Each structure stands twice: as structure tokens, then as C-alpha cells.
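K.L.:
Here is a sequence together with a model predicted from it:
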Amino acid sequence: MPKLLSKTHTGLLASALAAALAMTATTANAAPRADVRFVAHLDITGGQRPENITLEPGDSAVVTFAYSRQIARISPTGKVRILATLPEPPAGSMTPALSSPFLGGIVRTHDGTLYFLYATGSSDLTGLWRLRPGGAPQRIAALPADGLPNGLAIDQHEHQLYIADSVLGAVWRVPVSGGAPTRWATTPELAADGFLGANGIKIHRGAVWVSNLDKGTVLRIPVSRHGKAGPVQTRASGLVNIDDFAFIGHGDALLAAINADNEIALVKAGGQHKVVLAGVDGLENPTSLAVRGTTAYIASGAYFTNNDPNLLAARITPGK
């Protein structure tokens, strides 16, 4: 995900794939389509810039607010409820690449437990955190203070969490019970090229998939029978500024949030991609996506537009 400007620096395309989107590209002069709706307009002055999203039963979404250190639930009617605020880091702490403390990826288990990532540049707070229903946030695994834990994915079957580190160019693995992290994958394809490398991350069809923001790639890393990382494969390229992504259907087609370019791209299984949503549809620097059934939920952090961070819902229709 990109930095705030002040800190330097949602119809879908008809696809031949059974799981693709029935979405058509928009033009700058078009009106927002009827099958894209705002779930919530968020409070930019209150720091409500959503970085990552996970869905709950009943169609509520839980998001991380990147720079306000908060976890929040957004109801289907757009009501925002703060679930937790993370501790402020010690004076003088500086988060690598971003300077300010940063809340990144978030996932949810079936019992309602939330896991999320917090980066502060300080060794006492940087790492993987857990929030049980009715409880208080607790760090369950420390991660290197000189890294930027960003994307988070969960293998529910194997009870493992996978973490994309955008600064150290690595994928970490931590049991859901917590404990010492394992540097599961380190490869040049995960490295940054000027700003941030490994960013979004998902578990899909026996592999860990990772986006690289700087290099504009989507990578697939097979998980071996013994849980080790297999050889990395580049499955899509030319997606510079890709942040998070989400698979649609049972194949390898996905939606990608192209953050700084203010776009959502449909990426087919073979790597071909096309812009299917843009600013005219309500996007404000999309940071993350989550798909449930026939709906894609898209969070926008407005990091560059500095206008109307929001949560959108777009209808997904099977291809013909």
C-alpha cells in the first residue's frame, strides 16, 4: 500500500472464464453503475483510511485503519464501530518505508477471532496480533522491527498464518497459536524495487500467492507436501502499484487493487488483465478486496486522492 502524500512520497467485465466478472470498463465521463454501491463513506479527518478487509457472517466487514491504529467493524448499513485501538509506539519510533505506525493485513477465523499486523519500527510492538471476541488486542508473534509486515493470509486447514513483508522481501509463517515466526520464503521476486515489494497475500489451491507492488507482479509459491515453499512462479505482470487482490470463483482469475492508479483490474488465469473499475465508480486509491458469493467488497484508503475513503460493494456475475 502506498504512503500518504503528506508523508512524502465500484457491472464487471464479461469473461470467458466461468468464474470471471461481468463488468465493463468505464470512461471518465460515465456515471457510477447501478451494480456498484457505497456501503460506507468514512471519516478522513478521523483517520479512517481502510488498509485491509475481512468479512464476517451477516455481511459486516472488519477493516484496519492504517494510520489511526484502529480495528473497526463496518455494518451492511455503513455504521462504523471501533473494536480496538493498538498501543502508541515509543517516542522516536519510525516505521520502515512509512514513518508512521501502520496497521496492515487482517483475517478472521470461524470463531470470530481476528488476526492482524502492526508495524511501528519498534521491537516491542511490531508483529502479529490477535483480538478475540470481547477481549483485548494481544501480540502473539514478534516480527523484525526493520521490516514492514503488510499482507496477511490464513490457511484454516493447516492452522498457519502467512505474512508478506514489504520491506524485507519475505513471507513469514506463524502458527495461529502464535510463537516464533519462520522465514518461509525469501526470493528476489518478493523484493522491493524502490518502495515496497511483497504486499497482498492469499492462500489458494495449494499455494501462497503474493503481489509485488513495485514490480507489478502476482506470484504463486507452491506449498510442498511437507509445508516448505516451492519454486516461485510469476503468474501476472504489468500491474505496477498492485496492492491487495482477491480470487473470484474456483479458478485462478482474480481482482487486483491498483492503488496509486485508482483502478481495479480483472486478471485472468493466464495473466491477461484489463481495468474494470476506476475513480468514476467511487474508487479512492483501492487498498484491498474481499469476495463473498456474487459480491466484491472494495476498500479505498484515499492515500493519494485525499478524498472520501470508503467501502464499495460491486456485483459479480458469472461469465457466459
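P.N.:
All right, it came through fine.
K.L.:
Do I have it right that Ala256 meets Ser237?
P.N.:
No - Ala256 is beyond contact range of Ser237, at 11.6 Å (criterion: C-beta atoms under 8 Å). Backbone N, C-alpha and C define where each C-beta goes, glycine included.
K.L.:
Identify the contacts common to the two.
P.N.:
Taking C-beta atoms under 8 Å, 6 or more residues apart in numbering as the criterion, Ala256 and Ser237 both touch Val218.
K.L.:
Have a look at those two and say which one is more surrounded.
P.N.:
Higher neighbour count among Ala256 and Ser237: Ala256, with 27 against 15, using other C-beta atoms under 10 Å.
K.L.:
if I pick the more buried one, what's in contact with it?
P.N.:
211, 218, 236, 239, 242-245, 264-267, 273.
K.L.:
And for Ala141?
P.N.:
When contacts are counted by C-beta under 8 Å, 6+ apart, Ala141 is found next to 127-128, 174, 178-181.
K.L.:
What of Leu125?
P.N.:
Neighbouring residues of Leu125 by C-beta under 8 Å, 6+ apart: 86-87, 89, 101, 118, 139.
K.L.:
Tell me the one of those nearest Leu190?
P.N.:
Tyr118 (20.6 Å; C-beta to C-beta).
K.L.:
so that closest one sits in a strand?
P.N.:
Yes - the assignment for Tyr118 by DSSP: H, G, I helix; E, B strand; the rest coil puts it in a strand.
K.L.:
residues near it, how many?
P.N.:
Neighbourhood size, Tyr118 [other C-beta under 10 Å]: 24.
K.L.:
hmm, back to that, just name the closest of the contacts of Ala256 to Ile71, please.
P.N.:
If you rank the contacts of Ala256 by distance to Ile71 using C-beta to C-beta, Asp244 comes first, at 16.7 Å.
K.L.:
Please check the contacts of Ala141 and keep the buried ones.
P.N.:
The neighbour count (16 or more other C-beta atoms under 10 Å) marks 127-128, 174, 178, 181 as buried among the contacts of Ala141.
K.L.:
Point out the ones among those residues that are inside strands.
P.N.:
In strands, defined here by DSSP state E, the members of the buried ones among the contacts of Ala141 are 127-128, 174.
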